[in-house]
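Trainee: Need the 3D shape of this:
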Amino acid sequence: MSTIRVVWGTATGPTALSSYDAALAEAGVHNYNLVTLSSVIPAGPAIEVVGETPELGPPGEALEVVQSAATAAPGERVAAGIGWARTADGPGIFYEVDGEDPDAVRSEIREGLAAGRDLRDWEFVEEEVVVRSVEPTETHASAVVLATYGESRPVV
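Mentor: This next block holds a predicted model:
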């Protein structure tokens with residue numbers, strides 16, 4: 001199986017959607033149709049924390065992701081994050097959270113991962129968390145953190 005890449009972006013814009021699109025552009029995924037997955041990591045693929053994804057296929061194709069995204073109105077702070085825990089042989093879980101305070105987002109991710117580990121009869125050996133935030137600005141602001149699964153695929 002292909003690589004899972006953890007990418008992120010923060011940006012501002014005149015509207016909520018434009019700031020979100022700009023944050024996706026910073027992460028390198030703005031030209032794909034994002035298909036949201038639930039949060040179970042399959043055995044096999046490596047997870048690379050890269051910040052910005054390389055080209056994963058032609059524009060307009062579908063890209064499978066686990067996504068945390070948050071957008072703030074002017075004057076508000078926003079944070080998004082993803083954490084993951086894996087077993088030695090590969091399967092694991094993602095946990096994604098958004099909010100206003102990056103420390104609170106990080107804490108909730110860790111609490112969620114602990115609860116997810118408790119639900120599974122797996123021996124987890126790895127845990128990591130990535131959180132990105134945007135301080136208040138005069139425009140809309142967005143933060144995104146995504147786990148991208150492999151390459152894009154044709155939609156039709």
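Trainee: Longest strand in this structure, please.
Mentor: Using DSSP state E to define each element, the chain has its longest strand at strand 140-153.
Trainee: Could you list the buried residues of it?
Mentor: 140-149, 152 (16 or more other C-beta atoms under 10 Å). For glycine as for every other residue, the C-beta is placed from the backbone atoms N, C-alpha and C.
Trainee: Taking these, tell me the two that lie furthest apart.
Mentor: Across these, the longest distance by C-beta to C-beta is 28.2 Å; it joins His140 and Tyr149.
Trainee: what's the next secondary structure element after the lengthiest helix in the chain?
Mentor: In the chain, taking DSSP state H as the definition, the longest helix is helix 102-119. Using DSSP states H and E, the helix or strand that directly follows helix 102-119 along the chain is strand 124-134.
Trainee: For that following strand, which helices and strands make contact with it?
Mentor: On a contact count with 3 or more C-beta pairs under 8 Å, 6 or more residues apart in numbering; DSSP states H and E, strand 124-134 meets strand 4-13, strand 47-51, strand 78-87, helix 102-119, strand 140-153.
Trainee: can we see that at 6 Å?
Mentor: Identification of packing neighbours for strand 124-134 by 3 or more C-beta pairs under 6 Å, 6 or more residues apart in numbering; DSSP states H and E yields strand 4-13, strand 78-87, helix 102-119, strand 140-153.
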